[in-house]
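1. build me a model:
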Amino acid sequence: MTIAITRRRALAATAAAAWASTTAGRAVAQAYPNGPIRIVVPFAAGSATDTGARHISEGLNRLWGVPAVVDNKAGGNGAIAAEIVARAKPDGQTLFVTSNTAVASNVAMMKSLSYDPLKDFEPLTAIGSAPTFLMVHPSLPAKNVKELVGIARQQPGKLNFASGSASTRIAGEMLKWKTGIDIVHVPYKSTPLGLQDLVAGHVQIMFTDPVTGLPQVKAGAVRCLGTSSRERYALAPDIPTMIEQGLDGFELGSWTAVFAPAGLPPAIRDKLHAALVQIISDPAYVKRQAESGSLIQPGSPDALRRLQLAEIEIYRDIMKAAGIEPE
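-> Alright, predicted model coming up:
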């Protein structure tokens, strides 16, 4: 009898604790947000990441009636912004809208980081994804990858390639590795800044995301020679892949996602996730991004973490195969 009573009391206590926890979680979620939301972006205004962040800012303001301010902290391949978010209080008032550079490719590119891309961030949802696109200045007579390689081989060390992120840097290094050409890397704080110099002719080659680069292609300011997708990209079907032009295995993508500082209460995480998915699934936004060349792909926090882990291994493999030492 005593054992039965003790067991009933234990079960009752467990149930009471679970109820209290659930009630507390609901209270936390109902009180959130309780002030302005800061959205930290690791690249300059005008980048694809910045574009996504500003839509989220507008959406959160519309849904919750609180200020949601985009804070661009460019530099260090996203490391400056990442460290700010990693040190922020995990209360949902600070968000990190970033490309795969800061949370995946930097792991392969940099010997040491001031933050841990896995331990310091709570994944919320992916926003969108796209392959990278190989752009050249119109002064280069190359109309395809084969012709570009031929020109580069005739002028070893004379052509420059720009990068605005670790991901686009690795794409350029992969081109060098796959073709054996000697082109010189020129780093920029963001893709729009590098693209400006490509348009001006200060550099001759650059890999970009479609949101940033394709408008310049349509304007005739740069020429696009190929895309890093396995098959032709649905939103730009007239552009041939690098693979079909003879570069086997040349498959690289870029993606944008939302993270928060690690330790975010589950109730706030769930509320944030639901709001973010609603915002980025807006048909008008999806259409606008598609016109720029980006596919919107919201998902679960677990799916984003799996994507992040897979990307880290992909970039490590590329760096090793290309013989590139982390900086």
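2. who are the contact partners of residue 129?
-> Residues touching residue 129, when contacts are defined by Cβ atoms under 8 Å, 6 or more residues apart in numbering, comprise 253-256, 294-295, 297. The way it works is simple: take the backbone N, C-alpha and C, and place the C-beta from them, glycine included.
3. at 7 Å what do you get?
-> Contact criterion Cβ atoms under 7 Å, 6 or more residues apart in numbering gives 253-255, 295, 297 as the residues in contact with residue 129.
4. domains for this structure, by residue range?
-> In the domain annotation for the chain, the residue ranges read 36-130+253-322, 133-227 (automatic domain parsing).
5. from the chain's centre, how far out does the first one sit?
-> Taking the mean C-alpha point of domain 36-130+253-322 and that of its whole chain, the gap between them comes to 6 Å (Cα atoms, centre = their mean, to the nearest Å).
6. what's the mean pLDDT across it?
-> Here domain 36-130+253-322 scores 92 as its mean pLDDT.
7. between the two ends of that domain, what distance do you get?
-> 45 Å (Cα to Cα, to the nearest Å).
8. one step back: out of the contacts of residue 129, which is most surrounded?
-> residue 254 (29 neighbours; other Cβ atoms under 10 Å).
9. the residue lying closest to residue 261 once chain neighbours are set aside: what secondary structure?
-> Distances taken as Cβ to Cβ, 6 or more residues apart in numbering put residue 90 closest to residue 261, at 4.1 Å, once the chain neighbours are dropped. At residue 90 the chain is in coil, as set by DSSP: H, G, I helix; E, B strand; the rest coil.
10. quick one, phi/psi of residue 90?
-> In terms of degrees, to the nearest 10, the main-chain angles of residue 90 are phi -80, psi 70.
11. contacts only, for it.
-> By Cβ under 7 Å, 6+ apart, residue 90 lies in contact with 260-264.
12. cool, and residue 164?
-> 188, 190-191, 193-194.
13. same thing but at 10 Å, please
-> Applying Cβ atoms under 10 Å, 6 or more residues apart in numbering, we find residue 164 in contact with 43-44, 47, 74, 77, 99, 101, 187-195, 206-209, 212.
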